[in-house]
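[1] pasting the sequence and the predicted coordinates here, then a few questions.
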Amino acid sequence: MDSEDLKIVQLELKYCERCGGLWVRPLGCGEIYCAPCAIEMADVASSGRRRSSPRLPGNHKRDGIPGPRVVIISGEGGNA
């Protein structure tokens, strides 16, 4: 085998963003999952589950009232 027939492939060490396992991938590749997890995630993505925007927990219904909801509680002193 001549040195002209050799091809240099640069690899980088990457951790899987699903299982945390270490693996190598071609330099500059955008893959974020190891091979077994990539198969699992492809199955999950094709399940038809719709993604939604992330939201903070709580009741987001506004009852038709525009603007921010403000509650002011005041009163005379109390027992503390």
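    In hand now; what should we look at?
[2] how many neighbours does Glu40 have?
    Using other Cβ atoms under 10 Å, Glu40 is surrounded by 13 other residues. No exception for glycine: its C-beta is placed from N, CA and C like everyone else's.
[3] from Ser53, how far out is it?
    24 Å (Cβ to Cβ, to the nearest Å).
[4] try Leu6
    Separation of Leu6 from Ser53 (Cβ to Cβ) stands at 49 Å.
[5] swap in Cys29?
    28 Å.
[6] same check, this time on Arg18
    Relative to Ser53, and taking Cβ to Cβ, Arg18 is found at 22 Å.
[7] check Ile32 too.
    21 Å.
[8] the two: which has the busier surroundings?
    Ile32 (14 against 4).
[9] what's the pLDDT at Glu12?
    On the pLDDT scale, Glu12 is placed at 94.
[10] so it belongs to a strand, correct?
    Yes: counting by DSSP: H, G, I helix; E, B strand; the rest coil, one finds Glu12 located in a strand.
[11] pretty sure it is touching Arg25, no?
    Yes: taking contacts as Cβ atoms under 8 Å, Glu12 lies within contact range of Arg25: 6.2 Å.
[12] quick check: Pro36 is in a strand.
    No: per three-state DSSP, Pro36 lies outside any strand segment and is helix.
[13] mind checking how far the residue lying closest to it once chain neighbours are set aside is from Gly28?
    Excluding the flanking residues, the one nearest Pro36 by Cβ to Cβ, 6 or more residues apart in numbering is Cys19, at 7.8 Å. Separation of Cys19 from Gly28 (Cβ to Cβ): 22 Å.
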